[in-house]
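1. Just the structure for this:
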Amino acid sequence: MKGTIIIAEAGVNHNGSLNLAFQLVDAAVEAGVDAVKFQTFRTEHLVTKSAQQAEYQKKNMGQSSSQYEMLKKLELSYEDFRKLKQYCDEKHIMFLSTPFDLESVDFLIQELKLNIIKIPSGEITNAPYLYKIASYGVDVILSTGMATKEEIHHALAFLAYGFAGKMDVSFAAVKHFYQTDEAKMLLGGKVILLHCTTEYPTPYEDVHLNAMDDMREEFHLPVGLSDHTEGIVIPIAAVAKGATIVEKHFTLDKTLPGPDHKASLNPNELKEMVQFIRIVETALGAKRKQPTRTEVKNKGVARKSLVAAQAIRKGEKFTFNNLTVKRPGTGIEPYYYWDYINKIAKRDYEEDEVIE
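-> A predicted model of the protein is given here:
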């Protein structure tokens, strides 16, 4: 793919309905994104039955229940995901899904043959999970919401250890291997980091897009953005900041019940975001300052030349009174204004005539 990879995050906005999931795929295709991403999990492997909802989930859903009860209603079966993957293949759009438990990791990689796994922010400290994904040798997109730089380093260390196929796992051994050139080489070819703020929706003042620069300098890896703000401004700005990937939640209807609908784009907004991102990519252009092919033709019209401010006869001196600067820019460049003062005119010039 060329340019920024745009991932439409369907997540659990299908509300547990395969038919709604198919419609989300259709909307993603219509918007022109590169990939549509879902979330694969077995609720009993993901969360305890007593775990409470996050504050944003309580607020967005307008009710309080356990995470288990909420997620169970949003769960699709593995058979559903087989059908979704096949549907995406038929529609010529990349299917992605985030696994939230080890069983789902195996399913997505072994059965659905995914060669890219998106790791969510909440799993960045889940070392067994990170190691298992990397041991398959798949490429990784790693979201970094809520994470310190130290935690990101730890996550990368476990990924590198898994990529290397090392079997004797301990935190000390993992950290030691992380310091090697081999670890850095493995990560450089397989991992993209996503800057992310884990709040739904994210206040603009908490986005800190400049952290993308800090991440590039610190980790020497490509950096993108997983965005949870309202609207499309921030993803577009991220592209201008050099994001290699932009991920954005979308829904068919923001009023549907569920934890993520309110912080998602509708299909028209998603399509508009894609269009503006592609415009920004085109406008970014080359990393050098020089006149473009389209503007060279305008130089003569927009620039200025030395011009006779009044009639000048052959043999007269050019003076501050009879020499001025005006359009067009087809004659002597104004750089030479002072050099012409007191020079002798070699021919007659009428007022407003360009000096040669």
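
2. In this structure, where is pLDDT below threshold?
-> 1-2, 53-65 (pLDDT under 70).

3. can you list the domains in it?
-> 5-284, 293-340 (automatic domain parsing).

4. Mind jotting down where the helices sit in the stretch 51-200 of the chain?
-> 55-61, 67-73, 78-91, 102-106, 127-135, 149-163, 171-178, 181-188 (DSSP state H, counting those that start in this stretch).

5. what ranges do the strands span in the stretch 1-150 of the chain?
-> Using DSSP state E, counting those that start in this stretch, the strands of the stretch 1-150 of the chain run over residues 5-11, 35-40, 94-99, 116-119, 139-143.

6. Check which strands are paired with the third one and give the direction for each one.
-> As defined by DSSP bridges, the strand partners of strand 94-99 come to strand 35-40 (parallel).

7. tell me the angle the strand it pairs with makes with strand 5-11.
-> Using axes from the mean of the first three to the mean of the last three Cα atoms, to 10 degrees, one finds that strand 35-40 and strand 5-11 are set 30 degrees apart in direction.

8. I'd like to check which residues are in contact with Ile152.
-> Ile152 is in contact with Ile124, Leu142, Thr144, Leu193, Met215, Glu218, Phe219, counting by Cβ atoms under 8 Å, 6 or more residues apart in numbering. Bear in mind the C-beta positions are built from the backbone N, C-alpha and C, glycine included.

9. oh sorry, the question was meant for Glu75
-> Neighbours of Glu75 in contact, by Cβ under 8 Å, 6+ apart: Gly16, Phe41, Arg42, Thr43.

10. can you rerun that using 10 Å?
-> Applying Cβ atoms under 10 Å, 6 or more residues apart in numbering to Glu75 gives the contacts Val12, Gly16, Gln39, Thr40, Phe41, Arg42, Thr43, Glu44, Leu46.

11. picking that back up, will you turn the contacts of Ile152 into JSON lines that also has neighbour count and distance to Phe100?
-> Converted to JSON lines, these look like this (neighbours: other Cβ atoms under 10 Å; distance: Cβ to Cβ, whole Å):
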{"residue": "Ile124", "neighbour count": "24", "distance to Phe100": "13"}
{"residue": "Leu142", "neighbour count": "27", "distance to Phe100": "15"}
{"residue": "Thr144", "neighbour count": "24", "distance to Phe100": "17"}
{"residue": "Leu193", "neighbour count": "28", "distance to Phe100": "19"}
{"residue": "Met215", "neighbour count": "20", "distance to Phe100": "24"}
{"residue": "Glu218", "neighbour count": "14", "distance to Phe100": "27"}
{"residue": "Phe219", "neighbour count": "20", "distance to Phe100": "24"}
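
12. Quickly note the distance from the closest residue to Lys149 other than its chain neighbours to Ile119.
-> In space, and not counting its chain neighbours, Lys149 is closest to Glu218: 5.8 Å by Cβ to Cβ, 6 or more residues apart in numbering. Distance of Glu218 to Ile119, given as Cβ to Cβ, to the nearest Å: 18 Å.

13. Check the burial of Ala127 by counting its neighbours.
-> 19 (other Cβ atoms under 10 Å).

14. these two touch, right, it and Ile119?
-> No - with contacts counted by Cβ atoms under 10 Å, Ala127 stays clear of Ile119, the gap being 11.9 Å.

15. Lovely, talk soon.
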